[in-house]
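1. Model the following, please.
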Amino acid sequence: MNEGFLVILHTEKKAFEMMNHKLVSILMAGTLAAGMLSMPSAEAKRKKTAKPTTEAAIDIPAEGHQRINLWAEGTVPNSTGISVSDSIVNHRIWRADQPRLYVYQPVVEERTGTAVVIIPGGGYVKQAYEVSGISMAKWFNTFGVTAFILLHRLPNQPDVQDGSIAPTQDAQRAIRLVRSRAAEFGIDPDKIGVMGTSAGGHVCACVSTITDDLSAIGDSLDAVSFRPDFAILVSPVISMADSITHRVSRDCLLGAQSKSAEKRRQFSMDQQVTAQNPPTLLIHAADDPAVGVMNSVSMFEALMRKGVKLSSLHVFPFGKHSIALRRQPGSTALWVELAESWMKEIGVLKP
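-> Next comes the predicted model:
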């Protein structure tokens, strides 16, 4: 084997050891015979050895997007004090060691001053942070909206005392944190919304509707409003009523109290709407077999009854529980344009 190539291999080995097996970029000068390039790439090695349960890993966006933890160490409310680690399988997070945000910003010249906290869904047992988080964040960036992906605590985590309120606590804190740092991110503190799919839509409905301050911990953020200025709910879980609820989401959220009539009423957001709810856009497919369309219909009716007139409901005939950015059937594909147009219409996005 060529002596120069052996030196390169030795250099690569040292680099891998020093960088704790992280990716490094190797520039090979000169022309090497194809048969000599048999050493597996660093990426291939990483894939073979990666564990699906934890990644130092879930710094999910590997492209360098800023991570912001919601709570300082020792200040997380509603905590049992048990230490947990991230659990990740198939681009879903099943347990979060630290609730946090990931920041996705448009280029400076295209920023509109509008921001959105994105809450991925997953039946309250997981969060699909890629398809319902990263993809949505990049889409918002295309029309100048700064996006923050929220990974919240899940109700069944052993470090949570009352699982039913943990996601809403984290969502309230996330909005407070974003609003408190509006100048830093170049956003208007009065143009911060939420967007969520499925169970993530329920978290968005909760933070839009619940008036109790569940996230106060006695620090400076307690004085900052946690109410969003608009909400976009896609195929959302809204009601806990037997007739229309998504039972998996309800049972995971409420746990042992899932049969309590009071708890069901408390977390049926269509029964809690007030005139202070923000304008809300509801997107749903009539053929959704998982989360019935009446969830969105009942929420829209409640918003109309309370006078939240800038709200809008769009029910498409097809799309099932798979409404996403691409490969949508027929008119369902129009929902992305409708969402952007609605944001302009209600005045939270520059026309």
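2. mind listing what the residue nearest the centre of the chain touches?
-> What sits nearest the mean C-alpha location of the chain, by Cα atoms, centre = their mean, is residue 119, with 2.9 Å. Counting by Cβ atoms under 8 Å, 6 or more residues apart in numbering, residue 119 makes contact with 127, 150, 152, 171, 194, 195, 196, 200, 201, 203, 204. All C-beta spots, glycine's among them, are computed from the backbone N, C-alpha and C.
3. can those go into JSON lines with extra columns for neighbour count?
-> Shown next, in JSON lines, are the contacts of residue 119 (neighbours: other Cβ atoms under 10 Å):
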{"residue": "127", "neighbour count": "29"}
{"residue": "150", "neighbour count": "30"}
{"residue": "152", "neighbour count": "26"}
{"residue": "171", "neighbour count": "29"}
{"residue": "194", "neighbour count": "30"}
{"residue": "195", "neighbour count": "28"}
{"residue": "196", "neighbour count": "32"}
{"residue": "200", "neighbour count": "32"}
{"residue": "201", "neighbour count": "32"}
{"residue": "203", "neighbour count": "29"}
{"residue": "204", "neighbour count": "31"}
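4. Closest one of these to residue 285?
-> residue 201 (13.2 Å; Cβ to Cβ).
5. ok now do the residue lying closest to residue 81 once chain neighbours are set aside, which residues does it touch?
-> In space, and not counting its chain neighbours, residue 81 is closest to residue 159: 7.3 Å by Cβ to Cβ, 6 or more residues apart in numbering. For residue 159, the contacting residues are 76, 79, 80, 81, 82, 83, 84, 153, by Cβ under 8 Å, 6+ apart.
6. Which ChimeraX command selects the buried ones in those residues?
-> Those of these that count as buried under 16 or more other Cβ atoms under 10 Å are selected in ChimeraX with:
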select :76,153
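7. roughly how far apart are residue 231 and residue 255?
-> Separation of residue 231 from residue 255 (Cβ to Cβ, to the nearest Å): 26 Å.
8. Please disregard the earlier target; I meant residue 106.
-> Residue 106 sits at a distance of 40 Å from residue 255 (criterion: Cβ to Cβ).
9. and these two? which has more neighbours close in?
-> A direct count of neighbours by other Cβ atoms under 10 Å for residue 106 and residue 255 places residue 106 higher, at 19 against 15.
10. so the spatially closest residue to that one that is not a sequence neighbour is in which element?
-> In space, and not counting its chain neighbours, residue 106 is closest to residue 141: 4.4 Å by Cβ to Cβ, 6+ apart. Using DSSP states H and E, residue 141 sits within helix 135-142.
11. List the buried residues for that helix?
-> Buried-residue list, helix 135-142, by 16+ other Cβ under 10 Å: 135, 136, 137, 139, 140, 141.
12. Distance from the chain centre to it, please.
-> Its chain's C-alpha centre and that of helix 135-142 lie 12 Å apart, by Cα atoms, centre = their mean, to the nearest Å.
13. strand partners of the helix or strand that it is followed by, parallel vs antiparallel please.
-> Using DSSP H and E, the next helix or strand after helix 135-142 towards the C-terminus is strand 146-151. Here strand 146-151 is paired, per DSSP bridges, with strand 100-104 (antiparallel), strand 115-119 (parallel).
14. What are the contacting residues of strand 146-151?
-> So strand 146-151 is contacted by 58, 60-61, 68, 93, 96, 99-106, 111, 114-120, 127, 129, 133-134, 136-138, 140-141, 170-171, 174, 178, 185-187 (Cβ under 8 Å, 6+ apart).
15. Identify the residues contacting residue 227.
-> 175, 207, 208, 276, 278.
16. Which of the residues you listed fall in helices?
-> Counting by DSSP state H, the part of the contacts of residue 227 found in helices is 175, 207, 208.
17. Distance to residue 223 for those residues - can I get that in CSV?
-> CSV is the format used below for those (distance: Cβ to Cβ, whole Å):
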residue, distance to residue 223
175, 13
207, 17
208, 20
